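# I'd like to go over a predicted model; first the sequence, then the structure.
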Amino acid sequence: MGIVTDKTVTTLEPLIRRHAAKAEAARKMAPEVMSALSDAGVFKIWVPRELGGSEMEPTQSLTLMEEFARIDPATGWVVSNCVFITTLSQFLPVSVVEELLGDPSAIMCGSFVPPGLARETADGYEVTGNWSFGSASHYATSLVTLNLLADENGPILQDGAPTSLLTFLDPAEVTFLDTWYTLGLRATGSTNFTATGLAVPRDHSFLLGPWENNEGPFAGPLYRMGLIMDAVRIGSVGVGIAQGALDEFIDLASAKTPAYTAALTADRATVQERVARAQGLIQAGRHTLQVTVGESWEAVQDGPRITGPTCVPMGLAASFALDASVQAMNLLFESAGSTAFRDESPLQQRFRDLSTLRQNAIASWSRYESLGKLMLGRESDWPFHQL
């Protein structure tokens, strides 16, 4: 496995661009790209050093994710998603984590929605489910799923709420469905996968709840950043997609003369104003993420895990960054005229990809309400703010 540096993205960029169209058509990542990312150690940037990963600090990691999304939105999404999912293994026994992530080519994928159903057995659990959005799961060496614990009387409640269980499944024991037909992010291969009565050892699962790791390989400050890191990595992907769109629009504007006019697109005052506004929005999204995550990183050096009300700054930064990226994309798409809606236009694909990404609940506009509740002393309706 390679050591991830600032040059990793530059090194992989030609390969990613070469296979992007094929992956889009196939509706899943190109195996050549997944192998190269794995060989470079990209999927392990949030795995502890003790377990063979980089344990890369957050702002550097988010820059890496943004850069991959700038090159190719699907690659940016898959990298950020798989990287985040590896952190969910931290509450398994170390011996199991070593088994799941010890292989240099390990790729951890999975899905939380919709939850499956788990029934306790003498040795662990039996799991049944049909999970959506299993990004890059065709290449997974292990799959994480969320399940509701139940018995013969139905769901088992804890403090009035369903008891949730995370399980780590062997991809060879699930069935993949051909369901990923979408507006955008087609190359992510975020298809459904199913299991029926699948036996899962107890040590390959844990109950979802407030977490704190004070010892072992996951005791470092990176793992005190909390589940809200799932939101900020999505915001960073949005920024990367928008920045890539701006780069492509500038190339287009410098070469295109709109119909019935004599001036290049780049020489039109309205376009110049929109390009500047788009760049301002992208910069604002990026800056908000980097500064807020940087401040949180400082806070966890000697402080507790980020959860509950302390999620608010990063949660707001994530939703704002994604919102700003969408606004920037709309300015660019409208300014490109009829060129933008053609299949061969990279702007068209980026517009579709970002329109799809903005629907992700984790960093969507709906989270403003959830975070506002925390700010006003109410309980958030988003359960992951409490974990």
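Right, received. Where do you want to start?

# quick one, strands of the stretch 1-150 of the chain?
In the stretch 1-150 of the chain, the segments counted as strands under DSSP state E, counting those that start in this stretch are 108-120, 124-134, 142-151.

# can you list these in a markdown table and add distance to residue 339, mean neighbour count and mean pLDDT?
All C-beta spots, glycine's among them, are computed from the backbone N, C-alpha and C. Below are those laid out as a markdown table (distance: least, Cβ to Cβ, whole Å; neighbours: other Cβ atoms under 10 Å; pLDDT from 0 to 100):
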| stretch | distance to residue 339 | mean neighbour count | mean pLDDT |
| --- | --- | --- | --- |
| strand 108-120 | 36 | 20 | 97 |
| strand 124-134 | 32 | 20 | 98 |
| strand 142-151 | 41 | 21 | 97 |
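
# what's the closest of the ones you listed to residue 243?
Residue 243 lies closest to strand 124-134 among these, at 24.4 Å (Cβ to Cβ).

# Which secondary structure elements does that closest one sit against?
strand 108-120, strand 142-151, strand 164-169, strand 191-201 (3 or more Cβ pairs under 8 Å, 6 or more residues apart in numbering; DSSP states H and E).

# CA atoms of that strand as CSV?
What follows is strand 124-134, C-alpha atoms only, in CSV (Å, rounded to 0.1, in the frame of the first residue of the first chain):
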residue,chain,number,x,y,z
GLY,A,124,-24.6,-13.4,17.3
TYR,A,125,-27.4,-12.3,15.0
GLU,A,126,-29.4,-13.3,12.0
VAL,A,127,-29.8,-10.4,9.6
THR,A,128,-32.3,-9.8,6.8
GLY,A,129,-32.5,-6.7,4.7
ASN,A,130,-32.5,-4.9,1.4
TRP,A,131,-30.1,-2.0,1.7
SER,A,132,-30.0,0.9,-0.8
PHE,A,133,-27.1,3.2,-1.8
GLY,A,134,-24.3,0.6,-1.5
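
# Run the chain-centre distance for that strand.
Strand 124-134 sits 20 Å away from the centroid of its parent chain (Cα atoms, centre = their mean, to the nearest Å).

# nearest residue to the most centrally placed residue in the chain other than its sequence neighbours?
A centroid search over the chain (Cα atoms, centre = their mean) returns residue 81, at 3.5 Å, as the residue closest to the centre. Distances taken as Cβ to Cβ, 6 or more residues apart in numbering place residue 135 nearest to residue 81, at 4.9 Å, with adjacent residues excluded.

# residues touching the one you found, list them.
Residues near residue 135 by Cβ atoms under 8 Å, 6 or more residues apart in numbering: 77-78, 81-82, 109, 188-190.

# same thing but at 10 Å, please
Contact analysis of residue 135 by Cβ atoms under 10 Å, 6 or more residues apart in numbering lists 28-29, 74, 77-78, 80-82, 85, 109-111, 180, 185, 188-191.

# Residue 375 now?
By Cβ under 10 Å, 6+ apart, residue 375 lies in contact with 309, 312, 316.

# what's the answer for residue 49, then?
Residues counted as contacts of residue 49 (Cβ under 10 Å, 6+ apart) are 55-56, 217, 220.

# Check residue 67 too.
6, 8-10, 12-13, 75-76, 79, 236, 240, 243-244 are the contacts of residue 67 under Cβ under 10 Å, 6+ apart.

# ok so, going back, from the contacts of residue 49, which two are the most distant?
Most distant of the contacts of residue 49, by Cβ to Cβ, are 56 and 217, 14.6 Å apart.

# Run through the stretch 1-150 of the chain and note the low-pLDDT ranges.
The stretch 1-150 of the chain contains residues with pLDDT under 70 at 1.

# care to break this structure down by domain?
Domain assignment for the chain by automatic domain parsing gives 7-101, 108-207, 225-386.

# For residue 213, which of these is the nearest?
Per Cβ to Cβ, nearest to residue 213 of the domains of the chain: domain 7-101, 5.7 Å.
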